[in-house]
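In: quick one, what's the 3D model for this:
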Amino acid sequence: MDHAHWLKDAIVFLVAAGVIVPLFARFRISAVLGFLIAGLIIGPFGAGRFVEAAPWLSYFTISDPEAVEPLAEIGVIFLLFLLGLELSFEKLWAMRRMVLGAGGFQTALSALIVALALSLFLPTVAAISIALALCLSSTAVVMQILAEQRRAGSETGQASLSILLFQDLLVAPILIAVAAMARPETNIAWSLGQALIAAAIVIGVIVIAGRFVLRPLLRVPAQAGRREFMLALTFAIALLAALATEAAGLSLALGAFLAGILVGETEYRFHVEIDLEPFKGLLIGLFFVSVGMGVNLAWAAPQLHWIGAGIVALILVKFATAFTGARLSGARSGAAVESALLLAPAGEFGFVIIGAAAGAALLPPDAAAFVTVVIGGSMILTPVLQRLAPLILKLRPASETGAANAPRNAEDAPGAAVVIGGFGRVGQYIAAVLEAEGVDYIAIDQDADLVRVQRKLGRPVYFGDASRRELLEIIGAGPAQLYLISVSNEEKAERMAQAARDVSREAAVVARARNVAHANRLLRAGVDQVVPEAMEAGLQIAAQALERLGVEPDAVQHRLEAMREQNEARLHLRSGDS
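Out: Numbers count the residues shown, from 1 in each chain. Predicted coordinates:
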């Protein structure tokens, strides 16, 4: 494709992302559904069908849908990477019952039911191939919907992710099984054994390398103090892990997910997350647009009733199996209902499996085209299905449904009563006092070496810029009772004060000030109380002088308090006058 066409397609997508999708959002339509519908409109089976009759439409449609597929895959990679950031291996181990129990139950039973039903109309190998494709759900669509709502860590999110993880692990065995059905002489047990060993080795290498190499590697761009360097290295880590798992026959998404978990266990977690967020949104949007572009409505129209029946049957089967599996694995009714609705449609790996089966002549072309439309059509319905959850949950006891509606798990963000911006000497003195009194706190600092040392001491210190509102939000700073700003840099302290006030109007903000002028600016930025360095140092020296001159300690303290009150009143008065 020449540069003009490539740039034109990029412009069409960006206009869709910047104009069409926000218009859908005004009508409370999910961004996921907005991108899917936009793909339908601007794709070759939408407005693109009429290009020959109206050539001017070529300027408003995507010329080559296959050209966006690599970028769409990158979007899925970074979606899973960001989801991994919110988890840890300890949490993943705690989810093992749900992964193996609910995931195994839902996938096996739904595949069995679909295969038995299709075997009445198709050859056995064709029925099995289609069933293996349809039993999988869409990790990209489901987790993006939950991420939009900041509910990936809720009980619904955990149940959905558990089943999706199991399904991602099955992609390689399913593709091997499809290839084996096309070549009966293949020893499927030997092939699966080799695949499992290769997968275990690759996953082990990723985990071990991440544990020992990742933290010092991320420290290099952090010490340089340039966000773009950290961003470039993060992209490289996610893509390298994704390529490693793909080389082992697993999904790209699984490697990115593991890389996210490993980065999430470092002090750079939140800094990386907020820097990647805007890129992820656009790239994952490309994936959804590509899915929408793949639905051929013109081909589907004559047999729409059969396609609709197939989608409904698929959703009912997968809803029943996912709900039962989640309940048997311990999920409450509310979470089980909502996760089952999200998992009921088919997923993106279904396209891959159907393509492999069709290429191996296991499926006739018409059957492959039919199933492809069913997969795409069901994926488009995912955001709509989730909206049915409240209607179903009304039929359940309130005590069982609360967990499904929780915005996010309390463990997803550390959260604390006090947030300390800057962890130099002053910040460390503050932390020592808070620790002695048993007060929880989170500290943020941009000195990578300092953060590394303090984390080795077991302190909850994270790398990042405390003047970024997104960082404060993502670490759970909103519910904090108190923000303490201890940095000496005047401009940075003012930005931190503004960010703290933007995140919470109720919390108290106390800041260190270099001088009276700086104190006044901080007060105007929303700080409740300032502690000017020169003023406090002068008072302490004066106190020492009075005590050595024989003044009673109680009288000295009384005098200090009176002076502090006068100075504070003077500061507030000046702030008000200005």
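In: state the distance from residue 556 to residue 294.
Out: For residue 556, the distance to residue 294 equals 79 Å [C-beta to C-beta, to the nearest Å]. C-beta: built from backbone N, CA, C; applies to glycine.
In: then residue 304?
Out: For residue 304 relative to residue 294 (C-beta to C-beta), the value is 17 Å.
In: when those two are compared, which one has more neighbours?
Out: residue 294 (20 against 12; other C-beta atoms under 10 Å).
In: is the more buried one in contact with residue 377, as I believe?
Out: No. Under the criterion of C-beta atoms under 8 Å, residue 294 is not in contact with residue 377, lying 10.4 Å apart.
In: how about stretch 471-486 as CSV, C-alpha atoms only?
Out: This file holds the C-alpha atoms of stretch 471-486, laid out as CSV (Å, rounded to 0.1, in the frame of the first residue of the first chain):
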residue,chain,number,x,y,z
LEU,A,471,-1.0,8.9,39.4
LEU,A,472,-2.8,9.9,42.6
GLU,A,473,-6.0,8.5,41.3
ILE,A,474,-4.5,5.2,40.2
ILE,A,475,-2.8,4.5,43.6
GLY,A,476,-6.1,5.0,45.3
ALA,A,477,-5.3,8.4,46.8
GLY,A,478,-8.8,9.7,46.5
PRO,A,479,-10.0,8.4,49.9
ALA,A,480,-6.9,9.6,51.7
GLN,A,481,-7.5,11.9,54.7
LEU,A,482,-4.3,13.8,54.4
TYR,A,483,-1.8,14.9,51.7
LEU,A,484,1.7,15.9,52.9
ILE,A,485,3.9,17.7,50.4
SER,A,486,7.5,17.5,51.5
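In: and that stretch, which residues are buried?
Out: Buried residues in stretch 471-486, counted by 16 or more other C-beta atoms under 10 Å: 471-477, 480, 482-486.
In: which strands and helices sit next to the helix or strand that contains residue 472?
Out: Per DSSP states H and E, residue 472 falls inside helix 469-474. Helix 469-474 sits against helix 269-293, helix 490-503, with contacts defined as 3 or more C-beta pairs under 8 Å, 6 or more residues apart in numbering; DSSP states H and E.
In: re earlier: quick check, nearest of the buried residues of stretch 471-486 to residue 442?
Out: residue 475 (5.9 Å; C-beta to C-beta).
In: helix/strand/coil for the residue nearest to residue 345 when sequence neighbours are not counted?
Out: Using C-beta to C-beta, 6 or more residues apart in numbering and skipping residues adjacent in sequence, the residue nearest residue 345 is residue 378, 3.6 Å away. Secondary structure assignment for residue 378 (DSSP: H, G, I helix; E, B strand; the rest coil): helix.
In: and residue 378, how many neighbours does it have?
Out: With other C-beta under 10 Å as criterion, residue 378 counts 26.
In: residues touching it, list them.
Out: 311, 314, 315, 344, 345, 346 (C-beta atoms under 8 Å, 6 or more residues apart in numbering).
In: ok so the fifth one is a strand residue?
Out: It stands for residue 345. No. Applying three-state DSSP, one finds residue 345 to be coil, outside a strand.
In: so what's the backbone phi/psi at it?
Out: Dihedral pair for residue 345: phi -70, psi 170, per degrees, to the nearest 10.
In: going along the chain from the worst-scoring helix or strand of the chain on mean pLDDT, find the next helix or strand for me.
Out: Among the helices and strands of the chain, helix 398-405 carries the lowest confidence by mean pLDDT, DSSP states H and E, at a mean of 44. Sequence order places strand 418-421 as the next helix or strand after helix 398-405, per DSSP H and E.
In: not counting that next one itself, show me its contacts.
Out: Contacts of strand 418-421 (C-beta under 8 Å, 6+ apart): 427, 430-431, 434, 439-444, 466-467, 472, 475, 477, 480-487, 493, 496, 500.
In: try 6 Å this time
Out: 427, 430, 441-444, 466, 477, 480, 482-485, 496 (C-beta atoms under 6 Å, 6 or more residues apart in numbering).
In: what's the distance between it and the middle of its chain?
Out: Centroid separation for strand 418-421 versus its chain: 24 Å, with C-alpha atoms, centre = their mean, to the nearest Å.
In: can you tell me the element residue 462 falls in?
Out: Judged by DSSP H and E, residue 462 forms part of strand 461-463.
In: what pairs with that strand, parallel or antiparallel?
Out: strand 441-445 (parallel) (DSSP bridges).
In: angle of the strand it pairs with against helix 490-503?
Out: 140 degrees (axes from the mean of the first three to the mean of the last three C-alpha atoms, to 10 degrees).
In: strand 441-445 - what's its average pLDDT?
Out: Averaging pLDDT along strand 441-445 gives 88.
In: next secondary structure after it?
Out: That would be, after strand 441-445 and using DSSP H and E, helix 448-456.
In: would you mark the buried spots in that next one?
Out: 448, 450, 451, 452, 454, 455.
In: same deal with stretch 247-267?
Out: Neighbour-count burial for stretch 247-267 [16+ other C-beta under 10 Å]: 248-267.
In: contacting residues around stretch 349-358?
Out: Residues contacting stretch 349-358 (C-beta under 6 Å, 6+ apart): 129, 132-133, 136, 171, 174-175, 178, 363, 368, 371-372, 375.
In: who touches the helix holding residue 472?
Out: Contacts for helix 469-474 (C-beta under 6 Å, 6+ apart): 270, 273, 274, 464, 499, 502, 503.
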